[in-house]
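In: this is a predicted model, with the sequence first.
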Amino acid sequence: MLVNMHDAKTQLSKLITAAEAGDEVVIARQGKPAVKLVPVRASGFRFDTLAHLVGTVPDFNEPTDENELGLWEGES
């Protein structure tokens with residue numbers, strides 16, 4: 001579907017619905033295609049997916065013990 005800029009301004013909700021349904025929506029400026037509306041696909045990322053690990057995160061304000069410090073410094 002090719003729509004001019006003025007019509008796109010007045011029918012934006014309809015055009016978004018059409019794009020979400022899979023229709024190709026192209027907005028033209030002075031008869032020349034300028035942009036295409038495409039739906040944003042869900043990434044599958046959710047902020048709470050790692051919430052169960054909150055209690056396992058070390059306290060970074062506490063000093064590192066000598067054994068772990070040695071591992072970081074390359075000592076065996």
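Out: Nice, thanks for sending it over.

In: okay, the nearest residue to Glu20 once chain neighbours are set aside: pLDDT?
Out: Nearest non-adjacent residue to Glu20, counting by Cβ to Cβ, 6 or more residues apart in numbering: Pro39, 4.7 Å away. Placement of C-beta: from N, CA and C, glycine included. For Pro39, the pLDDT comes out at 92.

In: can you count the residues close to Pro39?
Out: 11 (other Cβ atoms under 10 Å).

In: so it lies in a strand, does it not?
Out: No. Going by DSSP: H, G, I helix; E, B strand; the rest coil, the assignment for Pro39 is coil, not a strand.

In: please look at it and Ala18 and confirm they touch.
Out: No. The pair Pro39 / Ala18 is not scored as a contact, 10.0 Å apart, by Cβ atoms under 8 Å.

In: C-alpha coordinates for the longest helix seen in the chain, CSV please?
Out: Looking across the chain with DSSP state H, the single longest helix is helix 12-20. Listed next in CSV are the C-alpha coordinates belonging to helix 12-20 (Å, rounded to 0.1, in the frame of the first residue of the first chain):
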residue,chain,number,x,y,z
LEU,A,12,-1.6,6.7,11.1
SER,A,13,-3.5,4.3,13.4
LYS,A,14,-5.0,2.4,10.4
LEU,A,15,-1.6,2.2,8.7
ILE,A,16,0.1,0.9,11.9
THR,A,17,-2.6,-1.8,12.2
ALA,A,18,-2.1,-2.8,8.5
ALA,A,19,1.7,-3.0,9.0
GLU,A,20,1.2,-5.1,12.1
